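Asker: Structure, please.
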Amino acid sequence: MKAINLIFIIILTLESCHKSDDTNSTSPLAAYLQARVISISLEPKTPGNAWIGSGFFVSRDGHILTTAHVLQGQKKVYVSYKNLTATLIEKDVAIDLALLKLENDSDEVPFLDVFPGKEADYGDTVYSMGTPFGEEESFFISHVSKPNVLGGDPTEPNRTYIQLDRIFFPGFSGAPLINAKRELVGVARYQIALSETKHSGLGYAIQAEAVENFLKTHLEK
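Answerer: Next up, the predicted model:
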């Protein structure tokens with residue numbers, strides 16, 4: 001009888017651990033991002049033409065936020081969502097943000113509500129999905145190593161960014177960074193790679209406050 005009770009206790013313990021693992025799983029966050037993040041190309045997508053950047057929906061009407069440098073000066077780009085095109089609505093080169101709008105699509109889309117954003121803090125875990133080296137829907141987990149870095153980008157020495165403990169590979173620019181509550185923390189912008197490896201270093205993101213201010217000015221309500 002004691003042996004049966006012991007087996008029963010072990011089974012309950014294993015089930016409890018399994019449920020705990022499911023509760024802590026990041027799969028729901030990945031699925032949430034997967035529905036809202038898109039890939040960007042400057043030309044129609046072909047087998048030899050890779051995606052070069054990332055973006056995400058910020059309205060149900062198909063507005064897309066990305067970094068301005070991804071567009072390379074173009075006013076129309078191609079996106080992975082239904083293989084449609086998107087046109088430039090507004091951009092701010094100093095902040096490095098651009099707002100796009102889907103063309104020829106009347107369907108509502110799932111979007112990331114950026115209002116209100118979340119101010120980053122030391123040690124925060126952030127989650128993202130982007131297109132590193134042209135690989136769509138690549139999930140990313142990192143930690144905030146410094147929430148306010150002034151002059152981290154030599155091209156914008158007076159602007160403050162979020163510093164992360166992992167590098168953003170090429171193609172990840174424009175991807176959203178969210179926390180476990182699905183609040184926007186920032187937008188991936190650039191990286192500093194270690195010269196020895198090129199595969200490790202620091203990532204830098206545009207702060208949520210800057211994103212909010214940009215969209216309050218330019219996003220159609």
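
Asker: tell me the contacts of the residue nearest the centre of the chain?
Answerer: Ranked by distance to the mean C-alpha position of the chain (CA atoms, centre = their mean), the top residue is Pro176 at 2.3 Å. Pro176 makes contacts with 33, 36-37, 56, 65, 112, 128-129, 184, 186-188, as judged by CB atoms under 8 Å, 6 or more residues apart in numbering. The C-beta positions use only the backbone N, C-alpha and C, and glycine is treated the same way.

Asker: how about the nearest residue to it, chain neighbours excluded?
Answerer: Counting by CB to CB, 6 or more residues apart in numbering, Pro176 lies nearest to Phe56, which is 4.7 Å off, once chain neighbours are set aside.

Asker: and the residue nearest to the centre of the chain, bridged to which residues?
Answerer: Pro176 forms beta bridges with Val187, as assigned by DSSP bridges.

Asker: Now do the lengthiest strand in the chain: which elements does it pack against?
Answerer: With DSSP state E setting the assignment, residue counts place strand 138-150 as the longest strand in the chain. Applying 3 or more CB pairs under 8 Å, 6 or more residues apart in numbering; DSSP states H and E, one finds that strand 138-150 contacts strand 125-130, strand 160-164, strand 201-207.

Asker: Pull up the pairing partners for the longest one, direction included.
Answerer: Put plainly, it is strand 201-207. The partner list of strand 201-207 in its sheet, established with DSSP bridges, is strand 160-164 (antiparallel), strand 184-193 (antiparallel).

Asker: Any idea which of those gets closest to Glu136?
Answerer: strand 184-193 (15.0 Å; CB to CB).

Asker: quick one: the closest one to strand 138-150, angle?
Answerer: Strand 184-193 and strand 138-150 meet at an angle of 90 degrees, taking axes from the mean of the first three to the mean of the last three CA atoms, to 10 degrees as the criterion.

Asker: I'd like the distance from the helix or strand containing the residue nearest to Pro176 to the chain centre, please.
Answerer: Element membership for Phe56 (DSSP states H and E) is strand 53-57. Chain-centre distance of strand 53-57: 7 Å, with CA atoms, centre = their mean, to the nearest Å.

Asker: Can you tell me what sits against the following helix or strand past that strand?
Answerer: Counting by DSSP H and E, the next helix or strand C-terminal to strand 53-57 is strand 63-66. Outside of strand 63-66, the residues within contact range by CB under 8 Å, 6+ apart are 38, 40, 53-58, 79, 86, 89, 97-102, 111, 114, 173-174, 176, 187, 211, 215, 219-220.

Asker: Pull out the buried residues from stretch 145-153.
Answerer: Going by neighbour count (16 or more other CB atoms under 10 Å), the buried part of stretch 145-153 is 145, 147, 149, 152-153.

Asker: Counting neighbours, what do you get for Thr125?
Answerer: Residues lying near Thr125 (other CB atoms under 10 Å) number 12.

Asker: how much space between it and Phe139?
Answerer: According to CB to CB, to the nearest Å, Thr125 and Phe139 sit 13 Å apart.

Asker: Same check on Gly55?
Answerer: Distance, Gly55 to Phe139, by CB to CB: 16 Å.

Asker: between those two, who's got more neighbours?
Answerer: A count of neighbours by other CB under 10 Å puts Gly55 above the other of Gly55 and Phe139, at 32 against 16.

Asker: what are the bridge partners for that one, then?
Answerer: Ile38.

Asker: about what we covered before: which strands or helices does the strand holding Phe56 pack on?
Answerer: strand 37-41, strand 63-66, helix 68-71.
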